[in-house]
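A.B. asks: coordinates for the following, if possible.
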Amino acid sequence: MNNELQGRAAHAAEIRERAAAEMHAIGIDEVLIGNLVDTFYGRVLAHPELGPVFDARLSGRWPEHMQKMKSFWSSVALRTGAYGGKPVQAHLGVANLTPELFPKWLELFAATLDDIAPNEEAKAWFMASAERIAKSLTLSLFYNPALDDPALRRA
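C.D. replies: The predicted structure is shown next:
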């Protein structure tokens, strides 16, 4: 059993090292992630539609949220394992959260990357990840399989 645990730990370390090297090669590191999160959420707060939704949910808890988002993106990009949350559950019951806000979130994220990403490859990597995350959240929070029923679509 001890050998199995050591093997898993070594494998996890190898994954982290490989991810860090791949991300470093395109200019993604903890400093960029921190700057991205700080810049993006500053813009989210100023956004006329996104700001009120986020601030209503996070009022008084912004510092914790910012750290959580830095851990989240560090885990996604660098495979650090720093994030242990549950994104779908965290977004359940957010007042005024609609599927229509996700494209606006992505547009603001892209604009932020236009301003701070070190290169197109880093921007493309973040955008592909953000688009997968937005799609996953949208489906998890708003998808109703009954709407796929042809009889319901005709009604």
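A.B. asks: residue ranges with poor pLDDT in the protein?
C.D. replies: Counting by pLDDT under 70, the ranges of the chain that qualify are 1, 5, 146-149, 152-155.
A.B. asks: what helix or strand is residue 126 on?
C.D. replies: Using DSSP states H and E, residue 126 falls within helix 120-142.
A.B. asks: buried set for that helix?
C.D. replies: Using 16 or more other C-beta atoms under 10 Å as the burial criterion, the residues of helix 120-142 that qualify are 122-123, 125-126, 130, 133-134, 137-138, 141. All C-beta atoms are positioned from the backbone trio N, CA, C, and that covers glycine.
A.B. asks: next one: stretch 30-46
C.D. replies: Buried-residue list, stretch 30-46, by 16+ other C-beta under 10 Å: 30, 32-34, 36-37, 40-41, 43-44.
A.B. asks: now do it: everything it contacts.
C.D. replies: Applying C-beta atoms under 8 Å, 6 or more residues apart in numbering, the contact partners of stretch 30-46 are 50-51, 54-55, 62, 65-66, 69-70, 73-74, 77-78, 105, 108-109, 111-113, 115-118, 122, 126.
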